[in-house]
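Enquirer: Need coordinates for the below:
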Amino acid sequence: NFPLLTTPVPPAVQVGDTAEVALAGIGSQQSKLNVTAEAGASVIPVSASSEQQQGSGFTRLAVSSHPQSVTDAETVCDVSVPSGISGVFAQPDEVHRCRIELKKEQKIRLRDGSRSNGVPTVVALSIHDESGQQLAAMRKAGPGGQTLSWASPADGQYELRLAELTGRGGPEFGYHVQLMEDRPDFELSVETDHAIVPQNGYAILKVTVKRRGFNGPVKLAVFGAEDGIHLRNEVIAEKAKETRLKVELPPKMKPGQTRGIEIWGTANIDGQPVDRVARTLAAFRKARPQTTFPPPGLDGLVALSVGPEIPDFFGLSLDGGEILFPRLVGEVYFTVRVKDRIKGFKDMVNITILDLPDGFSAGGGERAVSRSDNNEYRFQLRGPTQTEKTTQMVRIVGEASYRGQTKEFELERVPFRVIDPLIVSAIPSVPFEPGSEGQLTVKARRFVPRAGGDKAAITVELSEVPDGVTLPRQVTIPAGQDQIKVPFSVAADAKPVRVSLTARTIVAGQPVEVTGHVGGKP
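Expert: Residues are numbered from 1 along each chain as shown. Modelled structure (predicted):
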């Protein structure tokens, strides 16, 4: 036996102000309170009861830095940017109106925050000129309310109209609409509201950014945990959509301990720092579909629990043991495989290539090749076509989660070689030594773009052929083919010697020449 409060009206009070707040909802009996918003507060809890009711209904007020206006079907209020607009659609099909003065090309944004506050109202928004002609509108339902962005075509006075989308009305249909300048901004979300952090390990939290005209980097920080927390991948790069934030808790924390954290992002927009919290609303709804709108204090809260240290549950291997990048071509494919899986672990592994030289990028490690049981990952490596041959070391890192915990496996010091776009070998069918005879297979490995490219004829010259060795001095691998076989014989009294080869072809319109020797690779 208590009032079911849906929203205070207004739902926010400007900091430093004292406002008369009406409590809307079923059984509220139009309760009113005088509330003062003190500096430093973010929310104000309020409650109401009556002599006929044994219990109290409760809700909360937000503390805002902007003015707040209350309107109804009988009045037209004047509003400015930025501000908040609120009221109650007391009767079906009510329309509430507000006047606003705008300059030419002034951009504004109206955001309906009613449902995210637990109110059933869905506000239909529209903007009209002085003659009543509609200039913009947003009439769609959404899980958290909709947003209308608009730029005024000329200096003048405009009318904002607000109505319940489906025409409903009653004491429970309160609303709150935010009116602000439509400036570059961003929103953050994290895909889960809980994670297990293995002792001496880390949790991975995928943080996604929704950009609104802002493409710069966003730096993440964590609040709520004690000192000693460590972050990696804490910057969402310029124009990027997400990052896999790695969170390491202090080593002194023991298995079973839990900490609640919030992830905040900071960006510099038009010379001013802008902070946004990463919301967990989508994760909360997925885990608890009965609770469409959780208490605001839970939106953004991530629970981190410390688990026991876990052993490796997978390994990695690289086909060929090295990554070869062909100059002139600018792209190549290579394969990384998952091995040594622990029994029961069948999920995909997120694989990344680290320490690549500037100008090079590798993609494809997010998803496994189909029908490979999540064990084969095909990468595309891209880079500049005009680059010098070089060798350096890179790292291949795989990350995966098993039984709620995340583990990393690393292939260290993987050779990365920039080479000419051709490898030619000449392998004899029998050892190339005095008294032998057989066939010499001259084989080419071509590097061409996936979409197709040069497969011109390859001329192979064999030099330093000693007396007593019968072998063509020049052979040609036909265009479009990768090998040719030629006979050879070595006299019994011939001196052992290594025969050299030089292969020439055309790739991307440029001559390519590589050298090697019979029995080996260049």
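Enquirer: ok, Lys443 - contacts?
Expert: Val424, Ser425, Ala426, Ile427, Asp482, Gln483 (Cβ atoms under 8 Å, 6 or more residues apart in numbering). To be clear about C-beta, it is placed using only N, CA and C from the backbone, and glycine gets the same treatment.
Enquirer: Repeat the analysis, applying 10 Å as the threshold.
Expert: Counting by Cβ atoms under 10 Å, 6 or more residues apart in numbering, Lys443 touches Ile423, Val424, Ser425, Ala426, Ile427, Ile477, Asp482, Gln483, Ile484, Lys485, Lys521.
Enquirer: Report the buried members of the residues you listed.
Expert: Ile423, Val424, Ser425, Ala426, Ile477, Gln483, Ile484 (16 or more other Cβ atoms under 10 Å).
Enquirer: would CSV of those residues with secondary structure be doable?
Expert: Below are those laid out as CSV (DSSP: H, G, I helix; E, B strand; the rest coil):
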residue, secondary structure
Ile423, strand
Val424, strand
Ser425, strand
Ala426, strand
Ile477, strand
Gln483, strand
Ile484, strand
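Enquirer: where's the residue lying closest to Lys210 once chain neighbours are set aside, which helix or strand?
Expert: Take Lys210 and drop its neighbours on the chain: the residue closest to it by Cβ to Cβ, 6 or more residues apart in numbering is Glu187, 4.4 Å away. In this structure, Glu187 sits in strand 185-190 according to DSSP states H and E.
Enquirer: picking that back up, now do the contacts for the residue nearest to Lys210.
Expert: Thr208, Val209, Lys210, Arg211, Arg212, Gly265, Arg276, Val277, Ala278, Arg279.
Enquirer: Repeat that for Leu356.
Expert: By Cβ under 10 Å, 6+ apart, the contact set of Leu356 is Ile323, Phe325, Ala362, Leu381, Gly383, Gln392, Val394, Arg395, Phe416.
Enquirer: Helix, strand, or coil at it?
Expert: Under three-state DSSP, Leu356 comes out as coil.
Enquirer: And the furthest pair within the contacts of Leu356?
Expert: Spatially, the most separated pair among these is Gly383 and Arg395, at 17.0 Å (Cβ to Cβ).
Enquirer: Which parts of this protein are helices?
Expert: 281-287 (DSSP state H).
Enquirer: Just the buried residues of the lowest-mean-pLDDT helix or strand in it, please?
Expert: Using mean pLDDT, DSSP states H and E, strand 4-9 stands out as the lowest-scoring helix or strand of the chain, at a mean of 75. Applying a neighbour-count criterion of 16+ other Cβ under 10 Å, the buried positions in strand 4-9 are Leu5, Thr6, Thr7, Pro8, Val9.
Enquirer: cool, stretch 311-321 as well?
Expert: For stretch 311-321, using 16+ other Cβ under 10 Å, the buried residues are Phe313, Phe314, Leu316, Leu318.
Enquirer: Make CSV from these and add distance to Tyr377 and pLDDT to it.
Expert: What follows is these, written out as CSV (distance: Cβ to Cβ, whole Å; pLDDT from 0 to 100):
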residue, distance to Tyr377, pLDDT
Phe313, 17, 93
Phe314, 12, 96
Leu316, 9, 97
Leu318, 10, 97
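Enquirer: Inside strands: which ones of the residues you listed?
Expert: Residues of the buried residues of stretch 311-321 located in strands (DSSP state E): Leu316, Leu318.
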